[in-house]
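Chemist: what follows is a predicted structure for the sequence shown.
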Amino acid sequence: MKVSRRLGAVRAPTLSLLLGAQFRLAWYHLRVMRWYVLFLVLLGFVGAALVLRLMVWIHYPLIYQYELCRFVLEAGAGLIACMLGSTVLVNDPALELLIASRVGCWKIILGRVLLIWLILGVMNACFVGWTYALGLHYSSSDTPWRLFCMWFVPTWLFTLLALIASLFSRHSAMGGVLGALLLLLELLMKDFFLNYTVLLPFFVPLSIWFPDSSIWWSSRALLFGIGILIAIGVRLRIRRDEALLSAIPL
């Protein structure tokens, strides 16, 4: 009986120390990735939700209400991913120590990217819940799985795109700017993609203007595959940096 009590007394502080260490580690990752950007992202979601509420209140045409919802979930998610994905590794003051450590950059990147996606996923889920509360039930084709892919594929693609751009440029701002410019260019070239339908699968904000397109799923699969290729490029770039730092030839 005394042994069990002693074990219980030992476990409690150990668990609290473990949770405290994990919290401090998560906070460090957020500081490296500029936590204030996440605060601005939260303000953006709140602003979009308030604009949508105003559009519903003044009985603005439904088509524009749905376009705003899909813009937030798709193009908006891509823009946010550009801002956050470029800060995953380059801004870390302990970058060389991470490369030389047993943990390695790849696990650090994976943990930080998952943290970004978790936070953005919660924000997007709250936004979707808000739209349903306003009575906007999208279309019959917009199932929960489709809504998830509508958000996740641009987030996946532009997080990796901004990350690899920042790794090659050695500047976080450059990675975010390049990714954001590519997405903005696609938004401005909507008519060009419409005229050349062979390029339409590469059109990231497809759901905004072409939500019922027959190539929607194949387009998302293609963009996801491009993200996989970029992830492989990120891995090869990191291996090269690790080899240069440790003087180990590839």
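Modeler: Now that the structure is in, tell me what you want to look at.
Chemist: where does this protein dip in pLDDT?
Modeler: Scanning the chain for pLDDT under 70 picks out 1-36, 91-104, 138-141, 172, 175, 241-250.
Chemist: ok, now which ones touch Val56?
Modeler: When contacts are counted by CB atoms under 8 Å, 6 or more residues apart in numbering, Val56 touches Gln65, Leu134, Gly135, Leu136. C-betas here are computed from N, CA, C, even on glycine.
Chemist: the second one reaches Arg53, doesn't it?
Modeler: Yes. When contacts are counted by CB atoms under 8 Å, Leu134 is listed as touching Arg53 (6.5 Å).
Chemist: so how many other residues sit close to the residue lying closest to Val88 once chain neighbours are set aside?
Modeler: Here the nearest residue to Val88 in space, its sequence neighbours aside, is Arg112; by CB to CB, 6 or more residues apart in numbering that works out to 4.9 Å. Counted by other CB atoms under 10 Å, the residues lying close to Arg112 total 22.
Chemist: cool, Pro144 as well?
Modeler: Applying other CB under 10 Å, I find that Pro144 has 8 neighbouring residues.
Chemist: buried residues in stretch 43-50, which are they?
Modeler: Phe45, Ala48, Ala49 (16 or more other CB atoms under 10 Å).
Chemist: Ala81: which of those is nearest?
Modeler: Phe45 (13.9 Å; CB to CB).
Chemist: is it correct that that closest one is in contact with Cys126?
Modeler: Yes. Using CB under 8 Å, Phe45 is in contact with Cys126, at 7.4 Å.
Chemist: against Tyr66, how distant is His137?
Modeler: As defined by CB to CB, to the nearest Å, His137 lies at a distance of 10 Å from Tyr66.
Chemist: same check, this time on Ile116
Modeler: Applying CB to CB, the value for Ile116 to Tyr66 is 27 Å.
Chemist: looking at the two, which is more packed in?
Modeler: Set Ile116 next to Tyr66 and count neighbours by other CB under 10 Å: Ile116 wins out with 24 against 19.
Chemist: show me which residues of the helix or strand containing Thr159 are buried.
Modeler: For Thr159, the host element (DSSP states H and E) is helix 144-169. By 16+ other CB under 10 Å, the buried positions in helix 144-169 come out as 146-147, 149-167.
Chemist: now that helix, how far from the centre of its chain.
Modeler: From the chain centre to the centre of helix 144-169 is a distance of 5 Å (CA atoms, centre = their mean, to the nearest Å).
Chemist: show me what that helix is packed against.
Modeler: Helices and strands touching helix 144-169, by 3 or more CB pairs under 8 Å, 6 or more residues apart in numbering; DSSP states H and E, are helix 77-85, helix 104-133, helix 172-188, helix 216-246.
Chemist: the closest residue to Tyr60 other than its chain neighbours: how many residues sit nearby?
Modeler: Nearest residue to Tyr60 in three dimensions, chain neighbours excluded: Leu54, at 8.0 Å (CB to CB, 6+ apart). Using other CB under 10 Å, Leu54 is surrounded by 10 other residues.
Chemist: kindly report the same for Thr197.
Modeler: 11.
Chemist: same question for Pro61.
Modeler: By other CB under 10 Å, 9 other residues sit near Pro61.
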